[in-house]
Every structure is written in C-alpha cells, then in structure tokens.
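In: Quick one: sequence plus predicted model below, questions after.
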Amino acid sequence: MTDSQPIQLIPPAPARGEPDPEDVARADLYGLLATLFHQAPDAALLHHIAANRAVGDDADTVLGRAWNELCDAASTSRTDDVADEYQELFIGVGKQEIFLYGSYYLAGFLNERPLVALRDDLARYGLTRHEGISETEDHIAALCEVMRFLVAGDDVAVSNLGEQQRFFARHLQPWVDKLCDALASHPKARFYRSAAGLLRAFAGVEAVALEMT
C-alpha cells in the first residue's frame, strides 16, 4: 500500500520474494482504479493514461478495448471538466447521484450489514481506517486498494490467491456491475463512463481468473 491510498489502510509488512509480473500489472490496475474513483484525475494522470494505449494483440482483448476507450476519453478531456463531472456524479449538493459504496448496492442503504462483514475481514488482514477519512471502507476505491494489497502485499499469510478469491467474491463481485451500469446509463457520465467500462472489464477478467484458481 502507498501514501496515495484513498482509505489509508495500514498493512503489516513481512518480507516477500520477487513479485510476479502479472501480479504487478494487476496490482497497478487496481491502484489506478482506486485513484480514479477516489478523486478526479489531475492533468498528469490524464496525460499518462492517454499516452499508454494498448497495442497489438493486447488491444484486441476485452480489457484492452476498455483500456483504449479510457485512453480516448483521457486524451479528449479537460482536467476541470473531469473534476466537475466527479463532483456532480459522486459528491453533489446534498446527495450524490451515483453511490460508490457497496452497502448501497447490496442492501439498499449505506452503512449496512455488508460493511460490518467487510470490517471483519479487514480486521483479520490487520487493516484499519485512519481517523479523519470520511469514506467508509466499502467505497469502491478502498476495495480496489484492498485487492491491490492482497495481490502485492508483503504478508503471504493474507496476500495470496485464496484471500484474493474470497475477498473479491464476497465484497466486489456481487455489486460492481451495478455500479458500472449506473455510470454507463447516466447522462452526466462522460470520462467516468469509460472508467466504469474499464472497471467492468477488469472485474470480469478477475472473476474468471480467480474462479479458475
């Protein structure tokens, strides 16, 4: 986990061997999604995304096509416009138009039973939320950060494929498509429609891969 994490979860840090390149790529993508859904991207991040299109065989995959759609959106978006979009969709005045919290999609309300179950798992991993962080742990950005930790963390007792499969199936897979559907159909979603497309494609790839583990 790094200082850029949205919920600032604190993992233990025993030593670990050389990481697998595929796991590094997965962890990086979880980290990018966490960043995009935690706050609107700055100009440097938009430029970085736009400059790194998938090419060749990678561009012909479901994930590659979704990535390149995000690249297109990043290349044609102004920072201020994306910031305004984030504000309108996820913060709003009084009530956000799109909720980013798992409890809302799983239970119909915020701060419900799914959040309690999530906190039990986070406690088992040794992860806690810092004081002063307004988002609850079931925020999509926080869950992506937890998956990044489970993929690339140093403690192999919790950062392993079994825990990745369990956490993903319990806390992300049941509702992430509902969030993506909400963004795909929202008239104010432009850049974030593409971000949701990437999230949906990656979650689909992860679901298949983790089920085969």
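Out: Nice, I can see it.
In: Could you point out the helix or strand that follows the helix or strand R119 falls within?
Out: Assessed by DSSP states H and E, R119 sits inside helix 113-125. Counting by DSSP H and E, the next helix or strand C-terminal to helix 113-125 is helix 140-152.
In: what distance separates the helix or strand following that following helix from the centre of its chain?
Out: For helix 140-152, the following helix or strand on the C-terminal side (DSSP H and E) is helix 161-171. Put simply, helix 161-171 sits 14 Å off its chain's centre (CA atoms, centre = their mean, to the nearest Å).
In: Tell me who's in contact with T79.
Out: T79 sits next to 40-43, 46 when contact means CB atoms under 8 Å, 6 or more residues apart in numbering. In short, each C-beta sits where N, CA and C put it, glycine included.
In: can you give me the strands in this structure?
Out: Read by DSSP state E, the chain holds no strands at all.
In: Give me the below-cutoff pLDDT ranges for it.
Out: Counting by pLDDT under 70, the chain shows low-confidence ranges at 1-18, 213.
In: returning to what we had before: how about the helix holding R119: buried residues?
Out: 114-115, 117-119, 121-122, 125 (16 or more other CB atoms under 10 Å).
In: again with stretch 27-40
Out: 27, 29-38, 40.
In: try stretch 131-144
Out: So, applying 16+ other CB under 10 Å, buried residues of stretch 131-144: 136-144.
In: quick one, what contacts the residue nearest to A27 when sequence neighbours are not counted?
Out: Nearest residue to A27 in three dimensions, chain neighbours excluded: A152, at 3.7 Å (CB to CB, 6 or more residues apart in numbering). Each residue near A152 by CB under 8 Å, 6+ apart is listed here: 19, 23-24, 26-27, 159.
In: What helices and strands are in contact with the biggest helix by length in the chain?
Out: In the chain, ranked by residue count with DSSP state H as the criterion, the top helix is helix 191-211. Judged by 3 or more CB pairs under 8 Å, 6 or more residues apart in numbering; DSSP states H and E, the packing partners of helix 191-211 are helix 21-38, helix 62-75, helix 79-86, helix 161-171, helix 176-185.
In: How far does the third one sit from its chain's centre?
Out: The chain centroid and the centroid of helix 79-86 are separated by 19 Å, computed with CA atoms, centre = their mean.
In: OK, contacts around V82?
Out: Neighbours of V82 in contact, by CB under 8 Å, 6+ apart: 40-41, 46, 191.
In: which among the residues you listed gets closest to F109?
Out: Closest approach to F109 among those (CB to CB): A40, at 26.4 Å.
In: That closest one and Y101: what is the separation?
Out: 18 Å (CB to CB, to the nearest Å).
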